[in-house]
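**Student:** Okay, predicted coordinates and the sequence, questions at the end:
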Amino acid sequence: MRSPTCSSLLLALITGAGVILAACSVPEPASPPQKVETTASVAEPQALPPPPPVPPLPVAQPMADAVAQAAPAKPTEEARAYQQKSVKGAMTSAPAPLPSVALNQSYAAGAAFRVMPAQPEDRENYGHYDSNPVQRVAESPVSTFSIDVDTGSYANVRRFLNAGSLPPADAVRVEELVNYFDYDYAPPRELNTPFAVHTEMAPTPWNPKTHLLQVGIQGWKPQGKMPPSNLVFLVDVSGSMLEPDKLPLVKASLKLLAHQMGHEDRISLVVYAGNTGVVLEPTPGDDTAKIDAALDRLEAGGSTNGGAGIRLAYQVAQQAFVKGGNNRVLLATDGDFNVGTTSFEALLDLVKERRKSGIALTTLGVGTGNYNDRLMEQLADAGDGNYAYLDSLKEAQKALVEQRAATLLTIARDVKIQVEFNPALVSEYRLIGYEDRLLKREDFNNDKVDAGDIGAGHRVTALYEVTLAGSGGERIDPLRYGQSAATAARGDELAFLRLRYKRPQDGMDASSRLIEQPILKSRIESADAATPAFRLAAAVAGYGQLLRGGSYTNGFGYAEVVRLARAARGDDAQGYAGEFVQLAQMADSLGTKQARADVKAVRQEE
């Protein structure tokens, strides 16, 4: 009897995400036909049934091309053994899938592959900061930090939630979430003082044994025409900017800003990829057709030499420098620098050196998957500018149109806050947020130490969780050999607030100015008497802390955040507070989903 040709179906690589079906044909053995003797105790050999047909699927072209080039497979030892046993009738069922048999040409030509979808790129980069700890006033009565007007973290967190996932804890900077909102602080009464200071204190929503101290700063709001601006749009056109939420969004966003400018303003356009270039020389701001056409010509491709782009943008800004005006580079990128100057520290040093020329740097972050939040936030800080993340054209409208004066016009430089707590009335405190803005105590009076700037109309909010002496809310045991708090000479003062700032018109080497005011215990409000602004800020702070893990929020959850925010919405003309409520609800749902998944994983491991 001639040995039959054996055709078998291969393969079984089954995973939870997809199935790859492959088949092979074992060639006719080279040996001549041979007869097989049988005995009465051995059943007549029967040919194995042919494999079931594979339903046709669309072929993934790249994989099909690779398979078409594969050489015919040589039969493995397992295949030969199976063939011999089949002929002798020793096996009556198909064997288990063979471990490795190459795909043959006939299968590549006629069969198909079910290809697993590519996983989204995840190279996002965030700076790590531990949440500020509780401080005992008897041991550390003074808190010093730089103000922060950035709001990029809020929009970035929103991007994660809208995509159906909780953000990484390091993506959440609580102060940027809080500062996203306008708390309707009263502006300063006199132009000579660029901002007004407001304080409010009431019980903490997540801990009835502590109080929340709110320190608010409202910048002067300009009336009438703004000083002329010299703006350089520095746009990343590398290959990583191809996605719709990157270069197309940047182009549309910059058009919104350009359409707000006037004849006395100047706009330039510099691009960078592997190389850099000037696409638009300084152009009057009202020549919108020319500016729009230059933006429309931008296309993405190539590597990313961000360092060279920054140098060229500063050179262009210096050439068109407007004395007494607003000179600024606006960097729009995903932050994925991969050629030229790529060192984080070297890029910061570059920007710090160039800010001495009086040209500020604002960063506009875009994109997902490879987004470098750490670099974008720190570049803006080093460049005496501000940082915004654009997850939509609506956010661009807010940052570049509604808040144009705050984004472009600086009214106070190197603004520092220092709070000294009275140990006779306060036992503990904790600064919520500002982890990457902390300063040494001696830095407060050192005008050489850089700090944050405030734009026209900007507002800044800082929150302290404070434990009053004798309240029973203390988290830290007193030192056994520490000195007991002395009787306060200023009995009603809970704390003393100091602020330092420099006026831009006084020059880069100007001396700072000082504002001081006490914070009185008699001004503490009840929870019901707290203002809507206070309650909204507390709700946002609670939300941010929950997203970072909620180490100090006790049983306070997203449901409590929603209730607190709804009661504090007020007029909400732009709908930002209403959107915040929806984000908190999504975070609650996603957190519940993640908790259930974690429980299921633990049970499966058991």
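**Tutor:** All right, it came through fine. Computed from a predicted model, the values in this text were never measured in an experiment. Residues are numbered from 1 along each chain as shown.
**Student:** what's near enough to touch the residue nearest to residue 584 when sequence neighbours are not counted?
**Tutor:** Spatial nearest neighbour of residue 584, excluding adjacent residues (C-beta to C-beta, 6 or more residues apart in numbering): residue 561 at 4.7 Å. In this view, the C-beta of every residue, glycine as well, is placed from N, C-alpha and C. Contacts for residue 561 were tallied using C-beta atoms under 8 Å, 6 or more residues apart in numbering; they are 539, 542-543, 546, 584.
**Student:** Please look at residue 352 and residue 381 and confirm they touch.
**Tutor:** No. Counting by C-beta atoms under 8 Å, residue 352 stays clear of residue 381, with 9.6 Å between them.
**Student:** can I see the domain layout of the protein?
**Tutor:** The chain is divided into the following domains under automatic domain parsing: 1-119, 135-222+410-476+486-601, 229-408.
**Student:** I'd like the next helix or strand past the host helix or strand of residue 541.
**Tutor:** In the assignment (DSSP states H and E), residue 541 maps to helix 532-547. Next in sequence after helix 532-547, counting helices and strands by DSSP H and E, comes helix 558-566.
**Student:** ok, back up a step: hey, which of the domains of the chain is tucked in deepest?
**Tutor:** Ranked by mean neighbour count, those are led by domain 229-408 with a mean of 20 (mean count of other C-beta atoms under 10 Å).
**Student:** Start and end of that domain, how far apart?
**Tutor:** 8 Å (C-alpha to C-alpha, to the nearest Å).
**Student:** again with stretch 405-416
**Tutor:** 21 Å.
**Student:** just how off-centre is that stretch within its chain?
**Tutor:** Mean-position distance between stretch 405-416 and its chain equals 23 Å (C-alpha atoms, centre = their mean, to the nearest Å).
**Student:** what about the residue lying closest to residue 335 once chain neighbours are set aside, distance to residue 426?
**Tutor:** Distances taken as C-beta to C-beta, 6+ apart place residue 372 nearest to residue 335, at 3.0 Å, with adjacent residues excluded. Plainly put, residue 372 is 40 Å away from residue 426 if you go by C-beta to C-beta, to the nearest Å.
**Student:** Check residue 590 too.
**Tutor:** 37 Å.
**Student:** Ignoring the adjacent residues along the chain, who's closest to residue 464?
**Tutor:** Residue 464's closest residue in space is residue 213 (C-beta to C-beta, 6+ apart), at 4.3 Å.
**Student:** three-state assignment of the one you found?
**Tutor:** Following DSSP: H, G, I helix; E, B strand; the rest coil, the label given to residue 213 is strand.
**Student:** contacting residues around it?
**Tutor:** 199-201, 429, 463-466, 494-495, 519.
**Student:** What ranges in the stretch 501-606 of the chain fall below the confidence cut-off?
**Tutor:** 593-606 (pLDDT under 70).
**Student:** can you redo the domains of the chain as CSV with distance to residue 128?
**Tutor:** Listed next are these as CSV, based on distance: least, C-beta to C-beta, whole Å:
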stretch, distance to residue 128
domain 1-119, 24
domain 135-222+410-476+486-601, 5
domain 229-408, 9
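**Student:** Nearest to residue 127, out of these?
**Tutor:** domain 229-408 (4.2 Å; C-beta to C-beta).
**Student:** For the closest one, give the mean pLDDT please.
**Tutor:** Averaging pLDDT along domain 229-408 gives 93.
**Student:** Give me the distance from the helix or strand hosting residue 354 to the chain's centre.
**Tutor:** Residue 354 is part of helix 344-354, with elements assigned from DSSP H and E. Centroid separation for helix 344-354 versus its chain: 21 Å, with C-alpha atoms, centre = their mean.
**Student:** Go ahead and confirm residue 207 touches residue 465.
**Tutor:** Yes. In this structure residue 207 lies within contact range of residue 465 using C-beta under 8 Å: 7.1 Å.
**Student:** Any chance you could list residues touching both of the two?
**Tutor:** Jointly contacting residue 207 and residue 465 under the rule C-beta under 8 Å, 6+ apart are residue 552.
**Student:** then the helix holding residue 541 to CSV, C-alphas only?
**Tutor:** Provided in CSV are the C-alpha atoms of helix 532-547 (Å, rounded to 0.1, in the frame of the first residue of the first chain):
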residue,chain,number,x,y,z
PRO,A,532,-19.3,79.1,47.4
ALA,A,533,-15.7,79.8,46.3
PHE,A,534,-14.3,78.2,49.4
ARG,A,535,-16.6,75.1,49.0
LEU,A,536,-15.7,74.7,45.3
ALA,A,537,-12.0,74.9,46.0
ALA,A,538,-12.4,72.4,48.8
ALA,A,539,-14.3,70.0,46.5
VAL,A,540,-11.6,70.3,43.8
ALA,A,541,-8.8,69.7,46.4
GLY,A,542,-10.6,66.6,47.7
TYR,A,543,-11.0,65.3,44.1
GLY,A,544,-7.3,65.8,43.4
GLN,A,545,-6.3,64.1,46.6
LEU,A,546,-8.5,61.1,45.8
LEU,A,547,-7.0,60.8,42.4
